[in-house]
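Q: my questions concern the predicted model and sequence given below.
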Amino acid sequence: MPGPESELDLLIAAARGAGDIAARYWKSDPKTWEKSGGEGPVTIADLEVDEMLRETLTAARPGYGWLSEETPDTAARLQQDKTFIVDPIDGTRAFIDGSRNFAHSIALADRGRVIAAVVYLPVKDQLFAAALDQGATLNGGTLQASHREDEAGATVLTAKPNLRPGLWPGGPPPVTPQFRSSLAYRLAVVGQGRFDGMITLRDSWEWDIAAGALIVTEAGGAISDRHGAALRFNNPTPQLPGVLAAAPQIHRQFLARLTPPQA
């Protein structure tokens, strides 16, 4: 059986191939349409990347399952121990707008736990990678998450609606919010230590979270759902009830604020 390191090599090569495709369409007015159900935009580049990744990865590992934002989901993946979890282009709106902050997010989960992960921003040439128990890297250099211990003034990637007082029984955390369009990129830069944390209290698709989650933990950060539970992937409904990622002390402070006071 391949170890996490060799699985990671496969994901890295696939991510670079995805970047080559995306680069052809970026700032070239790619064909774009809206998904049904208010799920946002999709471009011809999303679908071409998805097709390449699916063909490449499942050919290399024919016994593995497949879960992707741009592939119709089936129950077949639930019968496999290992499953690829992919967002071909995370931050499609940013991609359409010509921003550089879009990413390819590729993870491999083994019985619900991510063991190898890549978040690649091709225009920035930033390749974040992690393998279970092997640490996390950016372009080969070791990553270290923030060690900040006080949430007051911490820099946190989040959309402002996540900080509405009504969502926080203990009051919203006194952080300095910033925004990036790609959830995968938000998690990756938390692993990098550029930001102290990220918050999303909305239900989140697994393909947005899986790769970045391993990068955070392998860099020494903490991550959970909004209730404090460990993240598990390849669920029948591939969603998580919000995600908190941060320096370990700040993560604990966030969870305390989200917990209703005891009567």
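A: Everything's here; your move.
Q: CA only for contacts and neighbour counts going forward, please
A: Fine.
Q: please enumerate the strands of the stretch 101-250 of the chain.
A: When secondary structure is read from DSSP state E, counting those that start in this stretch, the stretch 101-250 of the chain shows strands at 103-110, 113-121, 126-131, 136-138, 141-142, 155-157, 176-178, 197-205, 222-224, 239-246.
Q: contacts for the first one?
A: Looking back up the chat, that one is strand 103-110. Contact partners of strand 103-110, identified using Cα atoms under 8 Å, 6 or more residues apart in numbering, comprise 7, 11, 15, 18-19, 81-91, 114-122, 182, 184-185, 207-208, 210-212, 233-234.
Q: could you pick out the buried ones from the residues you listed?
A: For those, a neighbour count by 16 or more other Cα atoms under 10 Å gives the buried set as 7, 11, 15, 18-19, 82-91, 114-122, 182, 184-185, 207-208, 210-212, 233-234.
Q: now, those residues that are in helices?
A: The helices, defined by DSSP state H, take in 7, 11, 15, 18-19, 184-185, 207-208, 210-212 from the buried ones among the contacts of strand 103-110.
Q: which two among those residues are spaced furthest apart?
A: E7 and Y185 (20.9 Å; Cα to Cα).
Q: show me what contacts R186?
A: 157, 180, 198, 212.
Q: how many other residues sit next to the closest residue to A222 other than its chain neighbours?
A: Excluding its sequence neighbours, the residue lying closest to A222 (Cα to Cα, 6 or more residues apart in numbering) is P248, at 5.1 Å. Neighbourhood size, P248 [other Cα atoms under 10 Å]: 21.
Q: what sits against P248?
A: 147, 149, 220-222.
Q: and the furthest pair within the residues you listed?
A: E149 and G220 (13.4 Å).
Q: which neighbours do the two share?
A: Both E149 and G220 are contacted by 247-248, under the criterion Cα under 8 Å, 6+ apart.
Q: neighbour count winner among these two?
A: Higher neighbour count among E149 and G220: G220, with 22 against 15, using other Cα under 10 Å.
Q: verify the contact between that one and Q144 for me.
A: Yes - G220 lies in contact with Q144 (Cα atoms under 8 Å); the separation is 6.3 Å.
Q: now the common contact residues for the two.
A: Listed as contacting both G220 and Q144 by Cα under 8 Å, 6+ apart are G191.
Q: kindly report the domain assignment for this structure.
A: The chain breaks down into these domains under automatic domain parsing: 4-142, 155-258.
Q: one step back: could I get the strands of the stretch 101-250 of the chain as CSV with mean pLDDT?
A: Formatted as CSV, those follow (pLDDT from 0 to 100):
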stretch, mean pLDDT
strand 103-110, 97
strand 113-121, 98
strand 126-131, 98
strand 136-138, 98
strand 141-142, 98
strand 155-157, 98
strand 176-178, 96
strand 197-205, 96
strand 222-224, 98
strand 239-246, 97
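Q: will you turn the ones you listed into a markdown table that also has distance to P260?
A: Formatted as a markdown table, the strands of the stretch 101-250 of the chain follow (distance: least, Cα to Cα, whole Å):
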| stretch | distance to P260 |
| --- | --- |
| strand 103-110 | 33 |
| strand 113-121 | 29 |
| strand 126-131 | 35 |
| strand 136-138 | 34 |
| strand 141-142 | 38 |
| strand 155-157 | 22 |
| strand 176-178 | 23 |
| strand 197-205 | 15 |
| strand 222-224 | 17 |
| strand 239-246 | 17 |
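Q: closest to V49 out of those strands?
A: Per Cα to Cα, nearest to V49 of the strands of the stretch 101-250 of the chain: strand 103-110, 8.9 Å.
Q: mind listing what's buried in the least confident helix or strand in the chain by mean pLDDT?
A: Least confident element among the helices and strands of the chain, by mean pLDDT, DSSP states H and E: strand 32-34 (a mean of 77). For strand 32-34, the neighbour count (16+ other Cα under 10 Å) marks no residue as buried.
Q: could you do stretch 239-257 as well?
A: Those buried within stretch 239-257 under the rule 16+ other Cα under 10 Å are 239-257.
Q: over to stretch 161-181?
A: So for stretch 161-181, counting by 16+ other Cα under 10 Å, buried means 162-163, 168, 170, 172-173, 175, 177, 181.
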